[in-house]
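Participant: sequence first, predicted coordinates after that:
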Amino acid sequence: MVGEGLEFRVFAAVDPDGSRVVLRTPVGGRFQANPNDPHVDTREVLAWEYAVTRHVAAYGVPVARARELVRGESDVLISDYVPDDGNGVDPVALGVVLKRLHGLPPPARTGGDLAGRIVRRWREVAARVPDLPPAPEVASVLRAGRSLVHLDVRAANLRGVGGAPLALLDWSNALVGDPRLELGRLAEFARLPDNGIDLPAVLAGYGESEPDDAAYWAYRLDAAVMLALVFLAEAPDAARAAAAVDRMRAIRERLDYHRNDKR
């Protein structure tokens, strides 16, 4: 086994043709639940990853291209093995990759109810943090978009050699929406050193300055509530959980400021 997350394990293997591959398979049964995502169909997730990695690979985006999805008692997604030298990916080059990704014709996939997700997750946090204020109204500030966004860009999901990005892994969170949703999540991930995100350098490669409007802060809140639930319930860490909840409050204040500034 070369990796394990909340819902999937990854194994290294050798294909009958002698090439190296990776096998991604559910940790438990097909249907799973956690505080961030109460209804997870792992077969649907793997089918999406199969489709989306083949889609972006066709446009030259660096990815571990899916070879086959084998359905069975425990489904297995077989993908290309991609080497990594352990020295990280150049953040400017990563920004270039993300800009290209966001400009691709998107696959058939919607963003779902992002506003509902933020509010539901906020309430999940509030059930564990009694003094949390009510969830903010975010639906009116979100913006539609037609870009494919990855939403889990961090060191653990990057493969590279000599700084060159060779693959962006784990597309389970990817959806079609506003590209600033990606930037907002990157900004929150960059606050955690182990994610290995140099936000200014990524933005330099991306070719845009960091946004600062109500929609962007709503997107950052989406990331913040997700991280708070991770540290409160999925990978408990008291210090990080407290910091994450404080971050939710701070972003809510920024969101209120931008909303009031428009009045």
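Facilitator: It's in.
Participant: can you give me the strands in the protein?
Facilitator: Taking DSSP state E as the test, the strands found in the chain are 3-4, 8-14, 20-26, 31-32, 40-41, 66-70, 76-80, 147-149, 158-161, 164-168, 175-177.
Participant: what does the fifth one contact?
Facilitator: By Cβ atoms under 8 Å, 6 or more residues apart in numbering, the surrounding residues in contact with strand 40-41 are 7, 30-34. For glycine as for every other residue, the C-beta is placed from the backbone atoms N, C-alpha and C.
Participant: how about the first one?
Facilitator: Judged by Cβ under 8 Å, 6+ apart, the contacts made with strand 3-4 from elsewhere in the structure are 9-10, 27, 156.
Participant: and which of those is nearest D131?
Facilitator: When the contacts of strand 3-4 are compared for distance to D131 (Cβ to Cβ), A156 wins out at 32.6 Å.
Participant: so how many other residues sit close to A215?
Facilitator: When neighbours are defined as other Cβ atoms under 10 Å, A215 has 20 of them.
Participant: so what's it up against?
Facilitator: Per Cβ under 8 Å, 6+ apart, neighbours of A215: 141-143, 178, 180.
Participant: export the residues you listed as JSON lines, with columns for pLDDT and distance to V2.
Facilitator: JSON lines is the format used below for the contacts of A215 (pLDDT from 0 to 100; distance: Cβ to Cβ, whole Å):
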{"residue": "V141", "pLDDT": "95", "distance to V2": "41"}
{"residue": "L142", "pLDDT": "95", "distance to V2": "37"}
{"residue": "R143", "pLDDT": "93", "distance to V2": "38"}
{"residue": "D178", "pLDDT": "97", "distance to V2": "33"}
{"residue": "R180", "pLDDT": "98", "distance to V2": "33"}
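Participant: among these, name the ones in helices.
Facilitator: R180 (DSSP state H).
Participant: and the longest helix for the protein?
Facilitator: helix 238-261.
Participant: that one packs against which elements?
Facilitator: helix 114-126, helix 214-229 (3 or more Cβ pairs under 8 Å, 6 or more residues apart in numbering; DSSP states H and E).
Participant: which of these sits closest to L186?
Facilitator: That would be helix 214-229 among the helices and strands packed on helix 238-261, by Cβ to Cβ, at 8.5 Å.
Participant: if we can go back for a sec, now the contacts of A215: which count as buried?
Facilitator: 141-142, 178, 180 (16 or more other Cβ atoms under 10 Å).
Participant: list just the nearest of those to D75.
Facilitator: Among the buried ones among the contacts of A215, and counting by Cβ to Cβ, the member closest to D75 is D178, at 30.9 Å.
Participant: what's the domain layout of this protein?
Facilitator: 3-80, 91-261 (automatic domain parsing).
Participant: would you mind finding the most buried of these?
Facilitator: domain 91-261 (a mean of 18; mean count of other Cβ atoms under 10 Å).
Participant: distance between it and the chain's centre?
Facilitator: Offset of domain 91-261 from its chain centre (Cα atoms, centre = their mean, to the nearest Å): 7 Å.
Participant: and what of stretch 47-56?
Facilitator: 15 Å.
Participant: who touches it?
Facilitator: 24, 63-66, 69, 77, 79, 101, 104, 107, 109, 148, 170-172, 174.
Participant: what do you get if the cut-off is 7 Å, keeping everything else the same?
Facilitator: 63-66, 69, 77, 79, 101, 104, 107, 171-172, 174 (Cβ atoms under 7 Å, 6 or more residues apart in numbering).
Participant: Serialize the residues you listed to CSV and add fields for distance to R20.
Facilitator: Putting the contacts of stretch 47-56 into CSV (distance: Cβ to Cβ, whole Å) gives the following:
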residue, distance to R20
V63, 16
A64, 11
R65, 13
A66, 15
L69, 18
L77, 15
S79, 10
L101, 25
L104, 27
P107, 27
W171, 20
S172, 22
A174, 24
